[in-house]
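K.L.:
dropping a prediction and its sequence here:
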Amino acid sequence: MPHFSEQKQLPYSADQVFALVSDVANYPEFLPWCLGARVYSKKPGRFDADVIIGFKMFRERFTSRVTMEEGKSLNVDYIKGPMKRLYNHWVFTQQPDGSCLVDFEVDFEFKSRILEELIGGLFEKACHKMMSAFEERAAVLYGDS
């Protein structure tokens, strides 16, 4: 099962980075391979989201439950779609200098061995590209540091 984790310090507040990551409905505007996103069943501290991802001939939709603690953490738990398992976890730690230390972790496993082979080999590169997309989006929204 592919696993990726990264820790990064960003020159934005924890609240700003949390707001960016929790804004799932706008992922198609800046995340590579995200073709669509819909947020629903909103309740305090959680919501459900359908996300459509696509790459070349591959196109899949999955549903996740997002639970969060405002400005501090966000967890994504898989509900349905092409995976056996999907979990991702974000922690946002405000630093004394005003920056934010971001801890990101993701695990996934596809139901289809073919999809696992196809996507698994690109997984780490895709995660790095995704993290870069979040950084670039933060610069657009909050200004260059």
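P.N.:
Perfect, I can see it now.
K.L.:
from here on, contacts and neighbour counts on C-alpha atoms
P.N.:
Will do.
K.L.:
just read off the phi/psi values of His89.
P.N.:
With angles defined as degrees, to the nearest 10, His89 sits at phi -140, psi 130.
K.L.:
one more: Leu31?
P.N.:
phi -90, psi 130.
K.L.:
with just CA atoms, put stretch 25-39 into PDB.
P.N.:
Extracted in PDB, the C-alpha atoms of stretch 25-39 (Å, rounded to 0.1, in the frame of the first residue of the first chain):
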ATOM      1  CA  ALA A  25     -14.800  22.600  -3.400                       C
ATOM      2  CA  ASN A  26     -12.100  24.800  -5.000                       C
ATOM      3  CA  TYR A  27      -9.500  22.000  -5.500                       C
ATOM      4  CA  PRO A  28     -10.300  21.800  -9.300                       C
ATOM      5  CA  GLU A  29      -9.000  25.400  -9.600                       C
ATOM      6  CA  PHE A  30      -5.400  24.500  -8.600                       C
ATOM      7  CA  LEU A  31      -4.800  20.800  -7.900                       C
ATOM      8  CA  PRO A  32      -3.400  18.700 -10.800                       C
ATOM      9  CA  TRP A  33      -5.600  15.800 -11.800                       C
ATOM     10  CA  CYS A  34      -8.600  17.100  -9.800                       C
ATOM     11  CA  LEU A  35     -11.400  17.400 -12.300                       C
ATOM     12  CA  GLY A  36     -14.300  18.100 -10.000                       C
ATOM     13  CA  ALA A  37     -15.300  18.400  -6.300                       C
ATOM     14  CA  ARG A  38     -18.600  18.700  -4.500                       C
ATOM     15  CA  VAL A  39     -19.000  19.300  -0.800                       C
END
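K.L.:
tell me which residues in it are buried?
P.N.:
Neighbour counts over stretch 25-39 (16 or more other C-alpha atoms under 10 Å) mark Asn26, Tyr27, Pro28, Leu31, Pro32, Trp33, Cys34, Leu35, Gly36, Ala37, Val39 as buried.
K.L.:
now the last one, nearest residue through space, not along the chain?
P.N.:
Closest residue to Val39 apart from its sequence neighbours, by C-alpha to C-alpha, 6 or more residues apart in numbering: Ala49 at 4.4 Å.
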